[in-house]
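Chemist: coordinates only, no sequence provided:
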């Protein structure tokens, strides 16, 4: 399969547009929830605060884990914000990605280890389709 699909029409803008990063496959529901989480953070800490002040990756990793655990335990909405826990997870990931891009992250992760290799080693082969 080609990286760029065949243009669905003959408009020259389409051929160029298909070479750009696409947002077409991102569900609107995810963006709407992400917007609520980002607005909650902007109210609490200031809009784009991570660009003005360096942020530590460990702080956002911890927040991601807490929100995932609460969601896994059956709670959909965070009690303090009323925003979906998974939206808070997306917001934390978005902030880390943006802070990396703008070099405003304190990357305090441990030195690279063997987890990706271990995951590959422990991954089972797909079940037979027969």
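Modeler: Great, that's in hand. Quick caveat: nothing in here was measured; it's all calculated off a predicted structure.

Chemist: give me the most central residue, this structure.
Modeler: Central residue of the chain (Cα atoms, centre = their mean): residue 93, 4.0 Å from the mean position.

Chemist: next, the residue lying closest to that one once chain neighbours are set aside: secondary structure please.
Modeler: Nearest residue to residue 93 in three dimensions, chain neighbours excluded: residue 64, at 7.0 Å (Cβ to Cβ, 6 or more residues apart in numbering). Bear in mind the C-beta positions are built from the backbone N, C-alpha and C, glycine included. Residue 64 falls in the helix class when you classify it by DSSP: H, G, I helix; E, B strand; the rest coil.

Chemist: try the one 3 residues further on
Modeler: Classification of residue 67 using three-state DSSP returns helix.

Chemist: let's verify the residue nearest to the centre of the chain: helix, strand, or coil?
Modeler: State at residue 93, reduced to three classes by three-state DSSP: helix.

Chemist: tell me the pLDDT at it?
Modeler: Taken from the predicted model, the pLDDT recorded for residue 93 is 98.

Chemist: all numbers from here: first residue = 33
Modeler: Let's use 33 as the start, then, which means that last one is residue 125.

Chemist: wait, doesn't the residue nearest to residue 125 sit right on residue 124?
Modeler: Yes: in terms of Cβ atoms under 8 Å, residue 96 counts as a neighbour of residue 124; the distance is 4.7 Å.

Chemist: nice, that's everything, thank you.
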